[in-house]
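Enquirer: Any chance you can model this:
(chains A and B)
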Amino acid sequence: MSVKIKATNVTKVYPSRSGPVYAISNFSLEVQEGEFVCLVGPSGCGKSTFLRILGGLVAPSSGEVVLIPGKADAPLQNIVFQEYAIFPWKTVIDNVAFGMEMRGVPRPLRQEIALDWLRKVGLVKFADCYPYQLSGGMKQRVSIARAFANNPEIMLMDEPLGALDAQTRVVLQRELLRLWEASRKTVVYVTHSIEEAVLLGDRVVLMTAHPGTNKAEFPVPFSRPREFALTSTPEFGRLTYAIWQDLQGEVERAMEQQQ
Amino acid sequence: MKPISNLDTETRDRILSVAFPIFLLALWEMAVRVAWLDARFFPPPSAVVAALGKLIARGDLLGKLWLLPGLVSAGDWSGAQKVIEEGHLWVSLFRILGGFLLGAVPGVLLGVLMGMNRTLRVSLDPVVSAVYVLPKIAILPLVMLIFGIGEVSKIMIVGIASFFLVLINTTAGVRDIEPVFLEAGQNYGANQWQMFWHVIIPGALPIIFAGLRLSLGTALIVIIAAEFVAAQYGLGYLVWFSWQTLLTENMFAGLVVIMILGAASTIGLQAIERRLIPWRRDDHQVPADVSDTRYSGA
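Expert: Prediction:
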């Protein structure tokens, strides 16, 4: 196992009328190759900002972020956005093939790969539909397939299931487990759900309330492949409760800040 | 309240929307016949239709089209062009479409640039806003001073009017694109050119089209007004001249043609829009409104 992501003392400051606002402050994270790390914190703690820094969309104000490339022919990282980030003007298959199209993969090959991923997420029938014809859960499958089809070394997931209803969410958590366990890519997964983090992740990293910094870390000892049944075990309950006890204070602090 | 199925409502709406205008026209016709309305001011629909027929038959509206086959087979192209140039409808249509293209194409291009480039936008915004609020027909004298009283000034005034509407809407359309689409484009490795074609243009297209629709409507207004005062041909001239000579049937006939032109251009642009923007939700349900509740009188 080698280090894939190394972020050291990352700080992001935004200027505002009432002075500088710290989105994140001295946050550090190291992720091993093939590790699934879940980032959990109260809302407004800057976890999405940190993910955007990893994804190269936002420059850190200070600190250092290094993603270590392995294979030369694969993209280094891609973000799985929430469902509304798939392009409404592209058909489902063109959305899934988007990254490959940008990299100049010839059309027949990228269509074939995209179709293969649509098969894996059960959307082959909808290949030529436009997103408005899909439900929220289906759109999120497209968003996930878009990232997997581009085959990046690192996947950065920004609350990908956050907007879904509870039942659809469970279905997609299972699909995500299945897809990831087949590929074992390096993943940083931002969520506000402790249960989701424990079900999916190898390690749960807690952030403090705004401005976000390192709070605590919990290794998740459960063996893989995992099933949703795991959530009904006492061990699962004990771990999620332990994490909640640690996070509770931060959540209360975040709520006070927002008043 | 008695239950109404969707189909019933739809059929009833359709019948009403056709039958009531026909009823109004019949009422108008009757009112003139029994002399409630003065036929000199409000010629009956039948007279307007007759006048329209006469305008076409005399070659005023569409030119002397029956001369065309002879002229074309004789190879007299300038003669054929002259026939078309004597039809009020063709003249107005040419000015509208010519001016519309002249304004819309640079309007879209500059609008995209302004939407993407802050420096350009902040510098040009005050100028654009200032000129935008000016009714474009007000600068017709200036345009005629620069481009003369010929065809060019009429096309220019339509072009100027279209340009600003398309420009403002395109800028708004580009700025209105959800940032997350730009982030997705960037994160999946789109270069500037790919960003332009795959994200910015399609993302702004619905609002660009709203601007095109508005500017085509404005083009019609502007050209009619310009033709009132400064033309020998065109639908505006036909209406104005008919008023001056008190040929009110011809005036109404001209208005009917302008209405048809307005409707046709809207329908045409909608057809293009449906082709270019197939991802737009387009459900044909009868929308429920307040008149469907039990509180309404119907």
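
Enquirer: Please list the residues of the stretch 101-250 of chain B that sit near chain A.
Expert: Residues of the stretch 101-250 of chain B found near chain A (C-beta under 8 Å from any C-beta of the partner chain) are B:178, B:180-181, B:183-191, B:194, B:198-199, B:202-203, B:205. Just so you know, the C-beta spots here come from the backbone N, C-alpha and C atoms, and that holds for glycine as well.

Enquirer: Pull out the buried residues from those.
Expert: Buried subset of these (neighbour count, 16 or more other C-beta atoms under 10 Å in any protein chain shown): B:181, B:183-190, B:194, B:198-199, B:202-203, B:205.

Enquirer: ok so A:T11 is a strand residue?
Expert: Yes. Judged by DSSP: H, G, I helix; E, B strand; the rest coil, A:T11 forms part of a strand.

Enquirer: contacting residues around it?
Expert: By C-beta atoms under 8 Å, 6 or more residues apart in numbering or on different chains, the contact set of A:T11 is A:22, A:24-27, A:60-63.

Enquirer: among those residues, who's most crowded?
Expert: Neighbour counts for the contacts of A:T11 (other C-beta atoms under 10 Å in any protein chain shown) peak at A:F27, which has 30 neighbours.

Enquirer: Which of the helices or strands spans that residue?
Expert: Secondary structure assigned from DSSP states H and E places A:F27 in strand A:21-32.

Enquirer: again, but for A:V188
Expert: Secondary structure from DSSP H and E places A:V188 in strand A:186-191.

Enquirer: and the direction of that strand versus that of strand A:21-32, what angle?
Expert: 140 degrees (axes from the mean of the first three to the mean of the last three C-alpha atoms, to 10 degrees).

Enquirer: show me the contacts for A:N95.
Expert: For A:N95, the contact set (C-beta under 8 Å, 6+ apart) comprises A:86-87, A:131, A:142, A:146.

Enquirer: still on that earlier bit, which of the buried ones among the residues of the stretch 101-250 of chain B next to chain A lies closest to B:F163?
Expert: The closest of those to B:F163 turns out to be B:L205 (C-beta to C-beta; 18.5 Å).

Enquirer: ok so, going back, and for the very next helix or strand once past the strand holding A:V188, what are the contacting residues?
Expert: Scanning forward in sequence from strand A:186-191 by DSSP H and E, the next helix or strand is helix A:194-200. The list of residues contacting helix A:194-200 from outside it, by C-beta under 8 Å, 6+ apart, reads A:36, A:38, A:40, A:161, A:169, A:173, A:176-177, A:180, A:189, A:191, A:204, A:220, A:222, A:226, A:228, A:230-231, A:236, A:239-240, A:243-244, A:247.

Enquirer: So which of those residues are in helices?
Expert: Judged by DSSP state H, helices contain the following of the contacts of helix A:194-200: A:169, A:173, A:176-177, A:180, A:236, A:239-240, A:243-244, A:247.

Enquirer: For chain A, which residues are neighbours of chain B?
Expert: For chain A, the contact set with chain B under C-beta under 8 Å from any C-beta comprises A:52, A:55-57, A:75, A:77-79, A:81-82, A:84-90, A:98-99, A:101-103, A:130-132, A:146, A:150.

Enquirer: Now go through these and say which are in helices.
Expert: With helices defined by DSSP H, the entries of the residues of chain A next to chain B inside them are A:52, A:98-99, A:101-102, A:146, A:150.

Enquirer: what's the most distant pair in those residues?
Expert: Greatest spacing in these, by C-beta to C-beta: A:R52 and A:E101 (22.8 Å).

Enquirer: Next one: B:L25 from B:F252, what distance?
Expert: As judged by C-beta to C-beta, to the nearest Å, B:L25 and B:F252 stand 12 Å apart.

Enquirer: And those two? Which one has more around it.
Expert: Set B:L25 next to B:F252 and count neighbours by other C-beta under 10 Å: B:F252 wins out with 21 against 14.

Enquirer: re earlier: figure out how far the strand holding A:F27 is from the centre of its chain.
Expert: From the chain centre to the centre of strand A:21-32 is a distance of 16 Å (C-alpha atoms, centre = their mean, to the nearest Å).

Enquirer: So for stretch B:193-207, mean pLDDT?
Expert: Average pLDDT, stretch B:193-207: 93.

Enquirer: just the angle between the helix or strand A:M157 falls within and strand A:186-191, please?
Expert: Counting by DSSP H and E, the element that carries A:M157 is strand A:154-158. Put simply, strand A:154-158 runs at 0 degrees to strand A:186-191, going by the same axes, to 10 degrees.

Enquirer: strand partners of strand A:154-158, parallel vs antiparallel please.
Expert: Strand pairing for strand A:154-158, determined by DSSP bridges: strand A:77-80 (parallel), strand A:186-191 (parallel).

Enquirer: Now do the helices in the stretch 51-200 of chain B.
Expert: Applying DSSP state H, counting those that start in this stretch to the stretch 51-200 of chain B gives helices spanning B:68-73, B:77-85, B:88-116, B:118-133, B:140-147, B:151-175, B:179-187, B:192-195.

Enquirer: Need the winner for burial among the ones you listed.
Expert: Of all the helices of the stretch 51-200 of chain B, helix B:151-175 has the most neighbours on average by mean count of other C-beta atoms under 10 Å in any protein chain shown, namely a mean of 23.

Enquirer: for that helix, packing partners?
Expert: Helices and strands touching helix B:151-175, by 3 or more C-beta pairs under 8 Å, 6 or more residues apart in numbering or on different chains; DSSP states H and E, are helix B:88-116, helix B:118-133, helix B:140-147, helix B:201-229.

Enquirer: could you give the angle of the shortest one to helix B:201-229?
Expert: Just to be clear, that refers to helix B:140-147. For helix B:140-147 against helix B:201-229, the angle between stretch directions is 90 degrees (the same axes, to 10 degrees).

Enquirer: partners of the closest residue to chain B within the stretch 151-259 of chain A in the sheet?
Expert: Residue nearest to chain B within the stretch 151-259 of chain A (C-beta to the nearest C-beta): A:L156, separated by 8.4 Å. Counting by DSSP bridges, A:L156 is bridged to A:I79, A:V188.

Enquirer: if I read this right, it contacts A:V188, doesn't it?
Expert: Yes. Counting by C-beta atoms under 8 Å, A:L156 does reach A:V188; the two are 5.2 Å apart.

Enquirer: Give the intersection of the neighbour lists for these two.
Expert: Counting by C-beta under 8 Å, 6+ apart, the common neighbours of A:L156 and A:V188 are A:51, A:54.

Enquirer: which residue does the stretch 1-150 of chain B bring closest to chain A?
Expert: When you check the stretch 1-150 of chain B against chain A by C-beta to the nearest C-beta, the closest residue turns out to be B:V112, at 15.6 Å.
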